[in-house]
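Visitor: how does the following fold in three dimensions:
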Amino acid sequence: MTRSEQAAAPYTVPGMHRQDAERVTDILQARLHALNDLALTLKHVHWNVVGPHFIALHEMLDPQVDAVREMTDTTAERIATLGGVPIGTPGAIAAGRSWDDYGVGRADAVAHLGALDLVYSGVIEDHRAAMKATDELDLVTQDMLVGQLARLEQFQWFVRAHLESGGGRLSTEGAHTLAEAAEQAARGAEGRR
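Guide: A predicted model of the protein is given here:
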């Protein structure tokens, strides 16, 4: 959906040029899609994790889901504050997505953690790019993204703590797809038993 189809407001915040606000809202709309997708993915894992570490992962994910949902709300409200129209419908998320859908179904905790590590890497890398892109456009938006990055990086650290060997090597190292990451993590867990 283009900006004109969204019926964006003809104004933005005082002191910001409308053209800059439009660039920022475009950046934020992509982040909104990613955060909405992440929240749904985390819930999917929450519902589909099995095995001996079920409860640990099940309970670890709820606070992450809540925090990511809060990030989506903050991001959407920033888009609206700048005069844009935040779009959060399922069709818009799927159409705006540049990444593969999460394809791990019912699986043990380690397999899901391996796939989630890759998911978090993608979200964090794109959030960092957005942070850099807003450096000269809007420091308020950049500050919001910096705060979100701190939480996202912490959540990935929680995930990686389950995938890391005593020597600091990640069992998902070199994985390029979610399926590869899940498989490598599961193999790594078998090797540590």
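
Visitor: model confidence at Ala34, what's the number?
Guide: Among the per-residue scores, Ala34 shows a pLDDT of 97.

Visitor: can I assume it sits in a strand?
Guide: No. The assignment for Ala34 (DSSP: H, G, I helix; E, B strand; the rest coil) gives helix, which keeps it out of a strand.

Visitor: start at 761, not 1
Guide: Sure thing, new numbering starts at 761, so read that last one as Ala794.

Visitor: who are the packing partners of whichever strand or helix holds Gly851?
Guide: Following DSSP states H and E, one finds Gly851 within helix 850-856. Helix 850-856 makes packing contacts with helix 778-808 when contacts are defined by 3 or more C-beta pairs under 8 Å, 6 or more residues apart in numbering; DSSP states H and E. Where C-beta positions appear, they are placed from N, C-alpha and C, glycine not excepted.

Visitor: next SSE after the helix it packs on?
Guide: Reading on from helix 778-808 to the C-terminus, the next helix or strand found by DSSP H and E is strand 809-810.

Visitor: who's in contact with the helix holding Gly851?
Guide: Residues from elsewhere that reach helix 850-856 (C-beta atoms under 8 Å, 6 or more residues apart in numbering): Met761, Gln789, Ala790, His793, Asn796, Asp797.

Visitor: switch the cut-off to 7 Å
Guide: Contact with helix 850-856 is made by Met761, Ala790, His793, Asn796, Asp797, as judged by C-beta atoms under 7 Å, 6 or more residues apart in numbering.

Visitor: next: stretch 798-814.
Guide: Contact with stretch 798-814 is made by 817-818, 821-822, 824-825, 828-829, 832, 862, 865-869, 872, 876, 879, 883, as judged by C-beta under 7 Å, 6+ apart.

Visitor: make it 6 Å
Guide: Outside of stretch 798-814, the residues that reach it under the criterion C-beta atoms under 6 Å, 6 or more residues apart in numbering are 817-818, 821, 824-825, 828-829, 862, 865-866, 868-869, 872, 883.
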